[in-house]
Every structure is written in C-alpha cells, then in structure tokens.
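Trainee: Here is a sequence together with a model predicted from it:
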Amino acid sequence: MSRTAIVYKANKRKRLYLEAKKAGRKPKMPTRVYNRCPICGRVHGFLRKFQMCRICVREKFYKGELVGVTKSSW
C-alpha cells in the first residue's frame, strides 16, 4: 500500500473516531486511532503542538515558516 493510501486510511479512522465521540457514542476500535504527519505520513516522533513529525518541524523551523519558535542556546 502506498504512503498516501496509508495516510488517507489513518485520517478516515480519526474522522470516524471524532464523529462517534461527538455524537456521544463509544468509538469503534479507539486504540487503532493514531496521529500521522500530514506532510510525510510519519507516525513516530509526532509533536501534537505543531501537528507534524519532528523532522518536518525542524525543516520548517530552519526555513523560517514556524512563527514563535526560537533556537535554544546556553
């Protein structure tokens, strides 16, 4: 299965999970819902604050596309 198909399938599961929760029903198979990076489809290293994986966050940070992020130094 291609990466785009996997991302699509994960987004569909997440959407169904949220719809069931909003309607007050118990979501079907809630443990199968997981976060994926919308850019590259990566599962591990997902940062909820930015809704991206750590690699994409780093790339966008260096390009200056993320506002309010500063490089730490001490």
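Mentor: Cool, the structure landed.
Trainee: Now do the buried residues in the helix or strand of the chain with the lowest mean pLDDT.
Mentor: When each helix and strand of the chain is scored by mean pLDDT, DSSP states H and E, helix 3-22 comes last, with a mean of 84. For helix 3-22, burial by neighbour count (16 or more other Cβ atoms under 10 Å) applies to 7, 10, 13, 17. Quick note: C-beta positions are derived from backbone N, CA and C, even for glycine.
Trainee: ok, so what distance separates the closest residue to the second one other than its chain neighbours from N11?
Mentor: Read that as A10. Residue nearest to A10 in three dimensions, not counting chain neighbours: R36, with 4.8 Å by Cβ to Cβ, 6 or more residues apart in numbering. According to Cβ to Cβ, to the nearest Å, R36 and N11 sit 8 Å apart.
Trainee: mind listing the helices for the protein?
Mentor: 3-22, 54-63 (DSSP state H).
Trainee: how about a markdown table for those helices, with distance to G45 added?
Mentor: What follows is the helices of the chain, written out as a markdown table (distance: least, Cβ to Cβ, whole Å):
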| stretch | distance to G45 |
| --- | --- |
| helix 3-22 | 15 |
| helix 54-63 | 4 |
